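Colleague: attaching a predicted model along with its sequence, questions to come.
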Protein chains: 2
Amino acid sequence: MAGSAGPEIERLIGLLAKLPGMGPRSARRASLALLKRRDQLLLPLAEALSVAAERVKTCSVCGSLDTQDPCAICSDPQRDASLICVVEEVGALWAMERAAAFRGRYHVLGGLLSALDGMGPDALRVGPLIARAGEPQVLEVVLALPATVDGQTTAHYLAERLAGANVAVTMLARGVPVGGELDWLDDGTIAQALRARRPA
Amino acid sequence: MAGSAGPEIERLIGLLAKLPGMGPRSARRASLALLKRRDQLLLPLAEALSVAAERVKTCSVCGSLDTQDPCAICSDPQRDASLICVVEEVGALWAMERAAAFRGRYHVLGGLLSALDGMGPDALRVGPLIARAGEPQVLEVVLALPATVDGQTTAHYLAERLAGANVAVTMLARGVPVGGELDWLDDGTIAQALRARRPA
């Protein structure tokens, strides 16, 4: 890929190209940037990867990633144990935490139901969610799943499975995003925002 | 950045975000991809970075990157020592090698002259180029610099500096790129291609 570069550089480019959002071209650029900044970037990144590989694990309660198990959120007594927020992946959990609006705990599904990708309920952490929802302190499960076909299929499936547990099942509101100009919004969002309109 | 993720994950995200083409969001996605594929991706990348840091060096003749010095191209007796191709950076050298159309050797400038960025001739490997061009076996210097203002400024400067050496100084042709639809080409390229037109 890099022509006359040695096998060491080829291997580095090949691995970087597997990262999401990277292709052969951007992996070549990234490799050069790393090799040019050996002490400021290349060596620190190698070290950070080794440390992460060694210390980061999956939380056995919620499925998030942390250096401790149970994770910092699951073991924080300040977090409301009566609320469980269901997210697709750890990235969505981080997004919720950045919004700093949720004070409960999480459950990472590990994906969405998808007929096309052959993802059934057994491939997701559905069983552990039902078990957690059955614990006496849990009062509400918030489904924070993406507003896509697979996200909605999964939300409906989970709502049905959770009907037996003695919990309220809710989902994130739909509407105009903050800063959203109507000109730039898709028709579906505008229609949902109109149906869900509230007194001003 | 990743909310409740530990400092180990934060540090990994921070370093990945420094790679060209990466931002905070794509660095978070890349970190998650790495942590999910620990054995297939995270550990191999950590290893590849360490190996590259240890073994890849700058060629003392041409300025390229390789595990040997002089690099594989400079030490290959099959490569035509009478031809030197001047490129801005190692990435451009790799692009030339992928095209597999050049059988001479290279000289990596390490940048372009730029009044705005304060890059003068002393910041580039101009002196070593003049010295190499003065060697008796060198007959031609091909300037393969970008078709930008800085690239052209640098090419004109190098052509002047090389006027004293007994070598032909040439540059890459300008014209319609392969697969280029006239509809999509900028006016400057069309004008250059017209001025440089040849018998069909």
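Modeller: Looks like it arrived, so ask away.

Colleague: so what touches stretch A:118-134?
Modeller: Around stretch A:118-134, the neighbours that count as contacts under CB atoms under 8 Å, 6 or more residues apart in numbering or on different chains are A:61, A:63, A:84, A:86, A:107-113, A:138, A:141, A:154, A:157-158, A:161-162, A:165-167. In this view, the C-beta of every residue, glycine as well, is placed from N, C-alpha and C.

Colleague: now, the residues you listed that are in strands?
Modeller: Using DSSP state E, the members of the contacts of stretch A:118-134 that fall within strands are A:84, A:86, A:107-108, A:141.

Colleague: just those now: which is nearest chain B?
Modeller: A:V108 (11.0 Å; CB to the nearest CB).

Colleague: which ones are touching the closest one?
Modeller: By CB under 8 Å, 6+ apart, the neighbours of A:V108 are A:62-64, A:87-90, A:93, A:125.

Colleague: A:D187: how many residues sit nearby?
Modeller: The tally of other residues near A:D187 (other CB atoms under 10 Å in any protein chain shown) stands at 7.

Colleague: quick one, domains of chain A?
Modeller: Using automatic domain parsing, the domain ranges for chain A come out as A:7-55, A:65-199.

Colleague: the shortest one vs chain B: in contact?
Modeller: Same thing as domain A:7-55. Yes: contact between domain A:7-55 and chain B is present through A:8-9, A:11-12, A:15-16, A:18-22, A:26, A:28-35, A:38, A:41-46, A:48-53, A:55 (criterion: CB under 8 Å from any CB of the partner chain).

Colleague: follow-up on the earlier one: okay, the domains of chain A, which one's buried deepest?
Modeller: domain A:7-55 (a mean of 19; mean count of other CB atoms under 10 Å in any protein chain shown).

Colleague: measure that one end to end?
Modeller: 30 Å (CA to CA, to the nearest Å).

Colleague: A:L34 against A:Q40, yeah?
Modeller: No: using CB atoms under 8 Å, A:L34 makes no contact with A:Q40, being 9.8 Å away.

Colleague: any residues in contact with both of those two?
Modeller: With the criterion set as CB under 8 Å, 6+ apart, the contacts of A:L34 and A:Q40 do not overlap.

Colleague: okay, the contacts of A:V108 in CSV with distance to B:A173 and pLDDT next?
Modeller: CSV is the format used below for the contacts of A:V108 (distance: CB to CB, whole Å; pLDDT from 0 to 100):
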residue, distance to B:A173, pLDDT
A:C62, 61, 97
A:G63, 58, 96
A:S64, 56, 96
A:V87, 55, 95
A:E88, 52, 94
A:E89, 50, 93
A:V90, 51, 94
A:L93, 54, 92
A:R125, 59, 96
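
Colleague: output the below-cut-off pLDDT ranges for chain A.
Modeller: A:1-4 (pLDDT under 70).

Colleague: would you map the strands across chain A?
Modeller: Using DSSP E, strands in chain A cover A:57-58, A:65-66, A:83-87, A:105-108, A:140-143, A:168-171.

Colleague: mind checking which of the ones you listed is nearest A:R198?
Modeller: Nearest of the strands of chain A to A:R198, taken as CB to CB: strand A:168-171 at 16.4 Å.

Colleague: thinking again about what came up before, out of the contacts of A:V108, who's nearest chain B?
Modeller: Nearest to chain B, judged by CB to the nearest CB, of those is A:V90 at 5.7 Å.

Colleague: inside helices: which ones of the contacts of A:V108?
Modeller: If you go by DSSP state H, the contacts of A:V108 have A:90, A:93 in helices.

Colleague: now distance to A:A191 too, for the contacts of A:V108, in a markdown table please.
Modeller: Converted to a markdown table, these look like this (distance: CB to CB, whole Å):
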| residue | distance to A:A191 |
| --- | --- |
| A:C62 | 34 |
| A:G63 | 34 |
| A:S64 | 34 |
| A:V87 | 25 |
| A:E88 | 24 |
| A:E89 | 28 |
| A:V90 | 32 |
| A:L93 | 29 |
| A:R125 | 33 |
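
Colleague: I'd assumed A:C71 was in contact with A:L93.
Modeller: No: here A:L93 does not reach A:C71: they are 9.6 Å apart, not a contact under CB under 8 Å.
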